[in-house]
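Enquirer: Whatever this is, show me its structure:
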Amino acid sequence: MRALLLNQFYPPDAAPTGQALQDLARALAACGHEVDVVHSRASSARTGLAGKAWDYAWYGARLALASRRLPRPDVIVALTTPPYLGLLSSLLPRWRGVPRVEWTMDVYPGVLAAHGLLRRGGAVFRFLDARASAQLRGAAAVIALGPFMARALEPHVGPGRLTWVPLWGQGAEGPAPPAEVAEIRHARGWTDGELVLLYSGNMGRAHRLSEFLEAAARLGPPGPRWAFLGGGFRRAEVEAFTRERRDARVELLAYEPRARLRASLGAADVHLASLSSAWQGLVVPSKVQAAFAAARPVIFLGPRENEGASWVEESGGGWVVAEGDVAGLLTAVAQARDPAERSRRGQAGLAFARERFDLTRNVERVARIVEAAAR
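Expert: Numbers count the residues shown, from 1 in each chain. The predicted structure follows:
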């Protein structure tokens, strides 16, 4: 079997979607399949809408060229960056009629409405929604990232072709050796006795950071350390806060290479994750999976009708705090100061990750779906 994998991002880019695609490529190659990947050299760190539009157009041009150069595949796996990538691939003459697997990382056009770029129910939204339905109905299989996303996709997909497989998250190999974790803490100047709360990964439009920053401002210098590691649209919000509130213990860090990611995740005592209510069912951030794999509890900020909140509640691996509830967030932080409580919840999260987010098991599930679509 020859598989063609399509996504704008791919390592060494730090985007989680690209890293998940690389894991799939390796799994398929290990089974003896031929694998081609078409990706862009553009960085996922670009945040402006004009820059993203240019990147999308450039990737489309690369895709058209690749369709003329590469051998005809037996199956195409299309992610959702750029939007409607699967539909685009099916229009290219040499790939027309090739079975396609839609691995949905974002639900369009709902994401555009959540961005505020479209009015839900308007003429443009309805047009794009019809294109999304055509894309999903034309796929041999559709993979969602969780039950809430699957529910959002269900009206657009025919019976028997939709399933959901959670992403395994970055650092899914499990907790890092203690010596590596200690080395990271020492390098960052984090002492053994202080409480470190870490937000690791994309700070995108779907996430909420203002409550974390407000809590850091209220607790001030005696409070815990709040570390934000990564990039994205909302990183500028944290940068502005650090300039204005130098008394708050907030710091910004750059992305870690994948080889150091497990130790980086384990260096924190508690992880922070969030989601805005407008984005429920449209995206499934992988921060909960990554934190649980590192045996660290999570404070999840946001509504409850989404994968992240439900996984934290079901596992007992952290705290769920409603949007805007800074007082509830401060209560969760106060409880997280207890090492025994952190350990109990962290171990609960680790057990849940081993059951639900195992890298080998879940990537094999995706690989079997791809093989079945090719047949």
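
Enquirer: Would you state the strands of the chain in chain order?
Expert: 2-6, 34-38, 75-78, 100-103, 141-144, 162-164, 196-200, 225-229, 250-253, 270-274, 298-301, 318-321 (DSSP state E).

Enquirer: With distance to Gly18 as added columns, please give those in CSV.
Expert: (Glycine included, C-beta is placed from N, CA and C.) Shown next, in CSV, are those (distance: least, C-beta to C-beta, whole Å):
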stretch, distance to Gly18
strand 2-6, 10
strand 34-38, 9
strand 75-78, 13
strand 100-103, 12
strand 141-144, 16
strand 162-164, 20
strand 196-200, 17
strand 225-229, 18
strand 250-253, 20
strand 270-274, 20
strand 298-301, 23
strand 318-321, 27
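
Enquirer: Out of these, which is the most enclosed?
Expert: strand 298-301 (a mean of 28; mean count of other C-beta atoms under 10 Å).

Enquirer: tell me what that one is packed against?
Expert: strand 270-274, helix 287-293, helix 307-315, strand 318-321, helix 326-336 (3 or more C-beta pairs under 8 Å, 6 or more residues apart in numbering; DSSP states H and E).

Enquirer: how much distance is there from the longest one to the middle of the chain?
Expert: Centroid separation for helix 326-336 versus its chain: 25 Å, with C-alpha atoms, centre = their mean, to the nearest Å.

Enquirer: And for the third one?
Expert: Taking the mean C-alpha point of helix 307-315 and that of its whole chain, the gap between them comes to 15 Å (C-alpha atoms, centre = their mean).

Enquirer: Quick one: list the elements packing against that helix.
Expert: So helix 307-315, by 3+ C-beta pairs under 8 Å, 6+ apart, packs with helix 147-153, helix 287-293, strand 298-301, strand 318-321, helix 339-356.

Enquirer: go again using 7 Å as the cut-off
Expert: Other helices and strands packing on helix 307-315, by 3 or more C-beta pairs under 7 Å, 6 or more residues apart in numbering; DSSP states H and E, are helix 287-293, strand 298-301, strand 318-321, helix 339-356.

Enquirer: Is Ser315 in contact with Leu350, as I believe?
Expert: No. Ser315 is beyond contact range of Leu350, at 9.2 Å (criterion: C-beta atoms under 7 Å).

Enquirer: C-alpha coordinates for the worst-scoring helix or strand of the chain on mean pLDDT, PDB please?
Expert: The helix or strand of the chain with the poorest confidence is helix 49-69; it has a mean of 87 (mean pLDDT, DSSP states H and E). Extracted as PDB, the C-alpha positions of helix 49-69 are listed here (Å, rounded to 0.1, in the frame of the first residue of the first chain):
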ATOM      1  CA  LEU A  49      -4.800  36.100   9.200                       C
ATOM      2  CA  ALA A  50      -3.100  37.600   6.100                       C
ATOM      3  CA  GLY A  51       0.000  35.500   6.800                       C
ATOM      4  CA  LYS A  52      -2.100  32.300   7.300                       C
ATOM      5  CA  ALA A  53      -4.000  33.000   4.100                       C
ATOM      6  CA  TRP A  54      -0.700  33.300   2.200                       C
ATOM      7  CA  ASP A  55       0.600  30.100   3.800                       C
ATOM      8  CA  TYR A  56      -2.600  28.300   2.800                       C
ATOM      9  CA  ALA A  57      -2.300  29.500  -0.800                       C
ATOM     10  CA  TRP A  58       1.400  28.500  -1.000                       C
ATOM     11  CA  TYR A  59       0.600  25.100   0.400                       C
ATOM     12  CA  GLY A  60      -2.100  24.600  -2.200                       C
ATOM     13  CA  ALA A  61       0.400  25.300  -4.900                       C
ATOM     14  CA  ARG A  62       2.800  22.800  -3.400                       C
ATOM     15  CA  LEU A  63       0.000  20.300  -3.300                       C
ATOM     16  CA  ALA A  64      -0.800  20.800  -7.000                       C
ATOM     17  CA  LEU A  65       2.900  20.300  -8.000                       C
ATOM     18  CA  ALA A  66       3.200  17.200  -5.700                       C
ATOM     19  CA  SER A  67       0.100  15.600  -7.400                       C
ATOM     20  CA  ARG A  68       2.000  15.700 -10.700                       C
ATOM     21  CA  ARG A  69       5.300  14.400  -9.300                       C
END
